[in-house]
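Asks: Kindly return the folded structure for what I paste below:
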Amino acid sequence: IVQLTTCIHHIIKHDYPSRWTAVVEKIGFYLQSDNSACWLGILLCLYQLVKNYEYKKPEERSPLIAAMQHFLPVLKDSFIQLLSDPSDQSVLIQKQIFKIFYALVQYTLPLELINQQNLTEWIEILKTVVDRDVPAETLQVDEDDRPELPWWKCKKWALHILARLFERYGSPGNVSKEYNEFAEVFLKAFAVGVQQVLLKVLYQYKEKQYMAPRVLQQTLNYINQGVSHAVTWKNLKPHIQVNHSLDLILKKIYKDQMEYMLQNHVFPLFSSELGYMRARACWVLHYFCEVKFKSDQNLQTALELTRRCLIDDREMPVKVEAAIALQVLISNQEKAKEYITPFIRPVMQALLHIIRETENDDLTNVIQKMICEYSEEVTPIAVEMTQHLAMTFNQVIQTGPDEEGSDDKAVTAMGILNTIDTLLSVVEDHKEITQQLEGICLQVIGTVLQQHVLEFYEEIFSLAHSLTCQQVSAQMWQLLPLVFEVFQQDGFDYFTDMMPLLHNYVTVDTDTLLSDTKYLEMIYSMCKKVLTGVAGEDAECHAAKLLEVIILQCKGRGIDQCIPLFVEAALERLTREVKTSELRTMCLQVAIAALYYNPHLLLNTLENLRFPNNVEPVTNHFITQWLNDVDCFLGLHDRKMCVLGLCALIDLEQIPQVLNQVAGQILPAFILLFNGLKRAYACHAEHENDSDDDDEAEEDEETGMETEDPLLCSVFMFPGGYAEFFLWNSSEFPNSKTQS
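Replies: Numbering: from 1, shown residues only. Alright, predicted model coming up:
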């Protein structure tokens, strides 16, 4: 079954919705079949469909949402029907429905699918499953094997959903704005009712009834979330038996004694024969990391004990707690960093080993923060660390999409990729080390792209971008055809993630870009496909921007044959509905860049362009639209481009006829742009710092635009300011004085 579901996963990933739309009808047919024997199989197929969209952005999930509009009510009704069936097969099907629901809501809650009415029904289903008794015969199974029984797995997934809904979408004040209303409803209508069922689970455990570990864990996760909300805390408080102790330790008199408490009661536990006690000692140091140590010796003792647990302890849970405790101590205690510096190599080696052994995503955050704290010390061992991380990544992603724990492993794998990216940023000034890291990173990048593991595309393209910021090696140029192939197959939705890498290909190594026509052809093809497809206006803005950058970067470099293609792709997009001014101005800016590149070439291109359902000459339409939208060009670069474009236009020996018709708009446009530039420069001057200067210089360099363009300088340097410049330049317009 695992092999078949993996096949289905890959088929859906490549063929839905473009080539296999019938999969939805097939799933719907078998879901509504009276033959319950086929339900589990078809639910596994539906699970693969949902998993393919699990990590996508909300705007990219429309094919899934359309399908689930039909399937979610069917799943709910089927579940209610199955609740009365106590068989193992029935519980397995229930568990699979829960897994589908969890994958649907884990990262994005589709509010168009889940309203208050059906949420009420789902919450009741979840509470029923958590509350129901497990058959007595399950106690005959060995305790180590009980968590794998379908009854406990079904409870675990029910609690997983409840904890996720509360944590990510149901906690007012802790959710993104689109979930504010949902959070209020969840907290008022459901949170307490669910908590009461979960408290029953804890009381059963207190009475020595068996509870699977993951069931307890998810129960406590939900309870923990409820502590911070008044309505759930009020319900929980009568069940808390430590209130008197809490009242005592909150008194100010004890604050100054925390260091002595650690010294006398926590430090000795590091010598305990019980691994659990050593782990809890590390845990306590973690949560008291902000204690102000009066004695440097006590701080050193805390660090030394934690370091030894990390490096030398035999028990993996102790090592994990020690790793987290050591990192937070270093972050919160000013003198801690200096003490650990001599031990950074064994500390990092221990962290890498633990990550490989446990695949714990918390530890990837720990190692990233440690790398940032000890960037100089890490540099000499960066290659060794990256090799270790790459091997761990390959190990983690071997998990199939339907295997237990695959979601947690995906988060860990993302953390590993981000850690490698952090290492690259640390060694960016060390060319030899970066070159060694490049080969290791390319193997990881190749694995993800060749196996089409979409969940990691964003991190992979970020990694590739980091490898091309200083230079683009021959190996990195070999990556471009693979990126292009991935884009054509299943990477269309990831164009915005590819954009920084493509930008580097254009700006960092323009010579190689122009040395082989296939490179420009691939980049243009991607931009063209985005501008003519359904990628959305954000991606289309990026595509148009990349075309503009190519034109400016290659000014005077002989890409005349590309200009008509670039301009047509951008202006053709304007013949269809445009919702945002950002996309409209960005498409216009491609043509403006072409005007700056070669005015005569652009005008010839516009004269030869023909768009359907548009009788007006393209030249007229472009110039009119440009002047009408001149107030939409914002920022330094866009305004500069407008000024340069207008200067190039009025500097022509043969001015287009349309320019005489709109001459009255030219002067106001210039004044608007220059006033905007003055405000922008004033704002920059007000907040000026070294990094701002570097950023501005990089922007001009990357776009290939010379800031000292003679036309632009003539405006700023004309003796009477830009007003006299316009009066002087008005001689170019036969009718401009009267019309202005």
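
Asks: all contacts plus neighbour counts: C-alpha atoms, from now on.
Replies: Noted.

Asks: Give me the neighbour count for residue 43.
Replies: 21 (other C-alpha atoms under 10 Å).

Asks: just residue 103 next, same as before
Replies: 21.

Asks: Which strands or helices does the helix or strand where it lies pack on?
Replies: In this structure, residue 103 sits in helix 88-105 according to DSSP states H and E. Judged by 3 or more C-alpha pairs under 8 Å, 6 or more residues apart in numbering; DSSP states H and E, helix 88-105 is in contact with helix 39-52, helix 62-82, helix 150-164.

Asks: Mind listing residues that contact it?
Replies: With contact meaning C-alpha atoms under 8 Å, 6 or more residues apart in numbering, helix 88-105 is reached by 39-40, 43-44, 46-47, 50-51, 54, 75, 79, 82-83, 110, 150-151, 153-154, 157-158, 160-161, 165.

Asks: Contact partners for residue 337?
Replies: 330, 331, 373.

Asks: whoops, I mixed them up, residue 347
Replies: With C-alpha under 8 Å, 6+ apart, residue 347 has these contacts: 307, 310, 311.

Asks: Can you get me the centre-to-centre distance for the longest helix belonging to the chain and its chain?
Replies: Scanning the chain for the longest helix, with DSSP state H as the assignment, gives helix 663-686. Centroid displacement of helix 663-686 relative to its chain, using C-alpha atoms, centre = their mean, to the nearest Å, is 36 Å.

Asks: Check stretch 31-41 too.
Replies: That offset, for stretch 31-41, works out to 37 Å (C-alpha atoms, centre = their mean).

Asks: List of residues touching it?
Replies: 30, 42, 43, 74, 92, 93, 96.

Asks: And these, which of them are buried?
Replies: Buried positions within these, assessed by neighbour count (16 or more other C-alpha atoms under 10 Å), are 30, 42, 43, 92, 93, 96.

Asks: Point to the residue nearest the middle of the protein.
Replies: residue 458 (6.7 Å; C-alpha atoms, centre = their mean).

Asks: ok, it to residue 449 distance?
Replies: Look at residue 458 and residue 449: by C-alpha to C-alpha, to the nearest Å, they are 11 Å apart.

Asks: for residue 490, same thing?
Replies: 10 Å.

Asks: Which one's more surrounded, the two?
Replies: residue 449 (22 against 16).

Asks: helix or strand for the more buried one, which one?
Replies: Since the elements are taken from DSSP H and E, residue 449 ends up inside helix 431-451.

Asks: Can you point out the buried residues in the next helix or strand after that helix?
Replies: Using DSSP H and E, the helix or strand that follows helix 431-451 in sequence is helix 457-467. Residues of helix 457-467 classed as buried by neighbour count (16+ other C-alpha under 10 Å): 457, 458, 459, 460, 461, 462, 463, 464, 465, 466, 467.

Asks: Phi first, then psi, for the residue lying closest to the second one once chain neighbours are set aside.
Replies: I take that to be residue 458. Leaving aside its chain neighbours, residue 458 sits nearest to residue 497 (5.6 Å; criterion: C-alpha to C-alpha, 6 or more residues apart in numbering). Dihedral angles of residue 497 (phi, psi; degrees, to the nearest 10) stand at phi -70, psi -30.

Asks: quick one: residue 414 and residue 378, what's the gap?
Replies: Distance from residue 414 to residue 378, by C-alpha to C-alpha: 21 Å.

Asks: Residue 498: neighbour count?
Replies: 23.

Asks: right, and it touches residue 461 too?
Replies: Yes: the criterion here is C-alpha atoms under 8 Å, and residue 498 meets it with residue 461 at 5.7 Å.

Asks: Show me which residues of the host helix or strand of residue 566 are buried.
Replies: Here residue 566 sits within helix 563-573, counting by DSSP H and E. Across helix 563-573, burial judged by 16+ other C-alpha under 10 Å covers 563, 564, 566, 567, 568, 569, 570, 571, 572, 573.

Asks: Now the phi/psi pair for residue 149, please.
Replies: Dihedral angles (degrees, to the nearest 10) for residue 149: phi -70, psi 140.

Asks: follow-up on the earlier one: adding pLDDT and distance to residue 533 as columns, could you present the buried residues of helix 563-573 in CSV?
Replies: Conversion of those to CSV gives the following (pLDDT from 0 to 100; distance: C-alpha to C-alpha, whole Å):
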residue, pLDDT, distance to residue 533
563, 96, 21
564, 96, 20
566, 97, 16
567, 97, 17
568, 96, 15
569, 96, 12
570, 96, 13
571, 95, 14
572, 94, 12
573, 94, 10
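
Asks: Next, give me the two most distant ones among these.
Replies: 563 and 573 (15.8 Å; C-alpha to C-alpha).

Asks: what residues are up against the closest residue to residue 368 other than its chain neighbours?
Replies: Residue nearest to residue 368 in three dimensions, not counting chain neighbours: residue 419, with 5.3 Å by C-alpha to C-alpha, 6+ apart. Going by C-alpha under 8 Å, 6+ apart, residue 419 touches 364, 365, 367, 368.

Asks: One more pass at 10 Å, please.
Replies: Residues counted as contacts of residue 419 (C-alpha atoms under 10 Å, 6 or more residues apart in numbering) are 364-369, 371, 385-386, 389, 413, 425, 463.

Asks: Closest one of the residues you listed to residue 284?
Replies: residue 366 (17.1 Å).

Asks: host element of the closest one?
Replies: Applying DSSP H and E, one finds residue 366 within helix 361-373.

Asks: Could you tell me which residues within the next helix-or-strand element following that helix count as buried?
Replies: Downstream of helix 361-373, the first helix or strand assigned by DSSP H and E is helix 375-378. Neighbour-count burial for helix 375-378 flags 375, 378 (criterion: 16+ other C-alpha under 10 Å).

Asks: Who are the packing partners of the helix or strand just after helix 375-378?
Replies: The first helix or strand that comes after helix 375-378 along the chain, using DSSP H and E, is helix 382-396. Contacts defined by 3 or more C-alpha pairs under 10 Å, 6 or more residues apart in numbering; DSSP states H and E place helix 382-396 against helix 344-358, helix 406-426, helix 431-451.

Asks: right, and those helices - which one's nearest residue 134?
Replies: helix 406-426 (26.0 Å).

Asks: quick one: buried residues of that closest one?
Replies: For helix 406-426, by 16+ other C-alpha under 10 Å, it's 406-407, 409-426.

Asks: Quick one: mean pLDDT for it?
Replies: Here helix 406-426 scores 89 as its mean pLDDT.

Asks: so where is this structure shaky, pLDDT-wise?
Replies: Low-confidence segments of the chain (pLDDT under 70): 1-2, 241-254, 399-407, 615, 689-740.

Asks: Quickly list the domain ranges of it.
Replies: Taking automatic domain parsing as the criterion, the chain consists of the domains 1-83+95-108, 115-249.

Asks: coming back round to it: what residues sit buried inside the helix holding residue 366?
Replies: 361, 363, 364, 365, 366, 367, 368, 369, 370, 371, 373.

Asks: what do you get for stretch 433-443?
Replies: Applying 16+ other C-alpha under 10 Å to stretch 433-443 flags 433, 434, 437, 438, 440, 441, 442 as buried.

Asks: Next up, the contacts around the residue nearest to the fourth one when sequence neighbours are not counted.
Replies: Residue nearest to residue 438 in three dimensions, not counting chain neighbours: residue 467, with 6.6 Å by C-alpha to C-alpha, 6+ apart. Remark: with contacts taken as C-alpha under 10 Å, 6+ apart, residue 467 is in contact with 421, 424-425, 428, 434-435, 437-438, 441-442, 461, 473, 476, 501, 504.
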